[in-house]
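In: coordinates only, sequence not included:
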């Protein structure tokens, strides 16, 4: 039985389909067979396999899941830090100007921080989802594109209104409010897609903070955005990390595949 | 109360656990799975075949930019079998201690 299996792998598939995985498999299997006891050329029952060791492999499920799925905590941490530091900088540098707006270098630093968070997001998603395809991978791609196109639209709206003569402080307030609306709405939509309550609460919170701060003087707007916006994201990061760990430990491969 | 012999082997259990990490409806490529498990291609391929014979996993051969790639996924049967295996093991270890 085992020999047949082995031969099938080598002679069957590798010959019929020019699959490098299968071809490499055959070559590697040959090496394994020559390598000695470490080689598992015998695919039958392993009577020596200690159930306690099996339990240890099952207990490693959360680690395996973490490597193969996107971790909301990583993304929330990156964006939370960018918001916290960036808005604090805008608040701090803006306090000295007559209309509360921050100087150009502070705005450039703020956008630099946002871009950095974007890069962290892209790298994290690309790494974790490498080689994975299917329903949730497709949804994830469309969801990612939703963010990209929404923010391209935001930049056009802000730029367009600037052309219509909107003043600097008005632009500052409007771009903040509209951005919060988009971020909040997309987090809530993401929650609808993945059924993660943390995402929904964060989205509703960001939308509310964005709406509320619009009525504030700009200096206060930046301070509230830093603490409630950035702080809210960091809180979501902690919550989603704790929740992910506790649900993963609950045992059993979950119906949702372990996305917490 | 016997442990499912198809799953009860270190390599196959690790394959099952890794595939269970994916949401239902998703597949992972052979090279990525190999990398995650740190197994040789031969080892992974042999054990994957055994799991496929039991209909616990499904393997799909396709082309990515004209390069053949194999994608693997847990089947519903496999997901149920892993849950049952987990339960049996818990009982077994609970009874032993």
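Out: Yep, that arrived. Small disclaimer: the values here were computed from a predicted structure and weren't measured.

In: Confirm that residue A:182 sits in a helix.
Out: Yes - applying DSSP: H, G, I helix; E, B strand; the rest coil, one finds residue A:182 inside a helix.

In: so, in contact with chain B or not, stretch A:137-157?
Out: Yes - under the criterion of C-beta under 8 Å from any C-beta of the partner chain, stretch A:137-157 makes contact with chain B via residue A:137. Using the backbone N, CA and C atoms, a C-beta is placed for each residue, glycine as well.

In: For that stretch, report the contacting residues that lie outside it.
Out: If you take C-beta atoms under 8 Å, 6 or more residues apart in numbering or on different chains as the criterion, stretch A:137-157 is touched by A:70, A:125, A:129, A:175, A:178, A:179, A:182, A:186, A:189, A:190, A:193, B:26.

In: Sitting in strands, which of the residues you listed do you find?
Out: residue B:26 (DSSP state E).

In: Of the contacts of stretch A:137-157, which is the most crowded?
Out: Using other C-beta atoms under 10 Å in any protein chain shown as the neighbour test, the contacts of stretch A:137-157 are led by residue B:26, with 24 neighbours.

In: Just give the closest residue to that one, not the sequence neighbours.
Out: With C-beta to C-beta, 6 or more residues apart in numbering or on different chains as the criterion, residue B:26 has its nearest non-adjacent residue at 3.4 Å, and that residue is residue A:134.

In: What's the per-residue pLDDT of the one you found here?
Out: pLDDT recorded at residue A:134 is 92.

In: if you look at the contacts of stretch A:137-157, which of them are in helices?
Out: Judged by DSSP state H, the contacts of stretch A:137-157 include A:125, A:175, A:178, A:179, A:182, A:186, A:189, A:190, A:193 as members of helices.

In: Is it possible to get JSON lines of those residues that adds distance to residue A:208 and pLDDT?
Out: Below are those laid out as JSON lines (distance: C-beta to C-beta, whole Å; pLDDT from 0 to 100):
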{"residue": "A:125", "distance to residue A:208": "27", "pLDDT": "91"}
{"residue": "A:175", "distance to residue A:208": "18", "pLDDT": "93"}
{"residue": "A:178", "distance to residue A:208": "15", "pLDDT": "96"}
{"residue": "A:179", "distance to residue A:208": "14", "pLDDT": "96"}
{"residue": "A:182", "distance to residue A:208": "14", "pLDDT": "97"}
{"residue": "A:186", "distance to residue A:208": "15", "pLDDT": "96"}
{"residue": "A:189", "distance to residue A:208": "16", "pLDDT": "96"}
{"residue": "A:190", "distance to residue A:208": "17", "pLDDT": "93"}
{"residue": "A:193", "distance to residue A:208": "21", "pLDDT": "90"}
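
In: Please identify which two of those are farthest apart in space.
Out: Farthest pair in those (C-beta to C-beta) is A:175 and A:193. Separation: 26.5 Å.

In: where does residue B:67 land on pLDDT?
Out: At residue B:67, pLDDT is 89.

In: Okay, and the beta partners of it?
Out: residue B:64 (DSSP bridges).

In: what's the answer for the one 4 residues further on, then?
Out: Following DSSP bridges, residue B:71 is listed with bridge partners residue B:29, residue B:60.

In: Contact partners for the spatially most central residue of chain B?
Out: Residue closest to the average C-alpha location in chain B (C-alpha atoms, centre = their mean): residue B:16, at 2.8 Å. Residue B:16 is in contact with B:7, B:51, B:56, B:57, B:74, B:78, B:81, B:82, B:85, counting by C-beta under 8 Å, 6+ apart.
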